[in-house]
Structures are given as structure tokens and as C-alpha cells.
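Trainee: build me a model:
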Amino acid sequence: MSVAEVAQGLVDLCRQGQFGAAIDKYYSDDIVSVEPVAMPGMEAEQKGIDAIRAKNQWWSENNEVHGLELGGPYVGDSQFAVHFKIETTPKMTGQRTTMIEMGLYTVADGKITREEFFYNTPGA
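Mentor: Alright, predicted model coming up:
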């Protein structure tokens, strides 16, 4: 698959709320995921498909999603970017919030090998 095909496929599944299916279909077994800050109980950088699945499960279990908008994908030679706007209520706080972030994805051999997220977080 080309970078554009991977990018569009990922965005399509995410728009449907099928994050797990997107991981299963488009992520390399050796994926590296980087957040600007660590989440409770995990490092900011996660390596391997099982770690990414666990991170996705943690996020799903700890947040109620009310709405999701995606911009893109914005495709380059070996990378693509996606703009996320997520209306969510973190179960820890119970306060509804809007999370806005950019995801930068690197593709090799038809699979995503790296994802890196950028958002405005105090102290990040």
C-alpha cells in the first residue's frame, strides 16, 4: 500500500471510531508511538504493537468520547499528518473537554512504523 492509501484508510477507520481495527490493519508489529508527556502508568514512548494496543485500551477505558473530527490526511513522501479534535470527558476528572492534537505518522513497506502526537499541554 502507498502512503496515501495507508493514510486514507487510517483516517476512514478513525472517523468511524474503529481505532483498534486501524491499529490491526495499518500498524507495523514494531511500531513506536510517542506522546509529548507520559500518561498515568506508562511512558511517553511506547514500542511494539502490543504496547500500542494496551495504550489504546487504556485511553478507551478512561475517556468517554462525545465527538470526533479529523482533518486530513495531509500526505508527504513517507509520512502523513492528521488533525484530531476530540470532545471527551476523562473519567478521572469528569470534566468535559476538547482535545486538539496533530498526529505525524511514518510509513514504510505499507505499514505505520512511527506515530508522534503534538498538542498544547502545560509542562510538555
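Trainee: so how far is residue 55 from the residue nearest the centre of the chain?
Mentor: With distances taken as CA atoms, centre = their mean, residue 103 lies nearest the centre of the chain, 6.4 Å away. In this view, residue 103 and residue 55 are 13 Å apart by CB to CB, to the nearest Å. All C-beta atoms are positioned from the backbone trio N, CA, C, and that covers glycine.
Trainee: residues contacting residue 60?
Mentor: Residues in contact with residue 60 (CB atoms under 8 Å, 6 or more residues apart in numbering) are residue 19.
Trainee: buried ones in the helix or strand harbouring it, by neighbour count?
Mentor: In the assignment (DSSP states H and E), residue 60 maps to helix 49-62. Going by neighbour count (16 or more other CB atoms under 10 Å), the buried part of helix 49-62 is 49, 51-53, 55.
Trainee: and those as a markdown table, adding pLDDT?
Mentor: As requested, those are arranged in a markdown table below (pLDDT from 0 to 100):
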| residue | pLDDT |
| --- | --- |
| 49 | 98 |
| 51 | 95 |
| 52 | 95 |
| 53 | 96 |
| 55 | 91 |
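Trainee: would you list these in a markdown table and tack on distance to residue 40?
Mentor: Output for those, formatted as a markdown table (distance: CB to CB, whole Å):
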| residue | distance to residue 40 |
| --- | --- |
| 49 | 21 |
| 51 | 15 |
| 52 | 17 |
| 53 | 17 |
| 55 | 11 |
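Trainee: which single one of those residues is nearest to residue 115?
Mentor: Set against residue 115, the nearest of the buried residues of helix 49-62 by CB to CB is residue 52 (8.1 Å).
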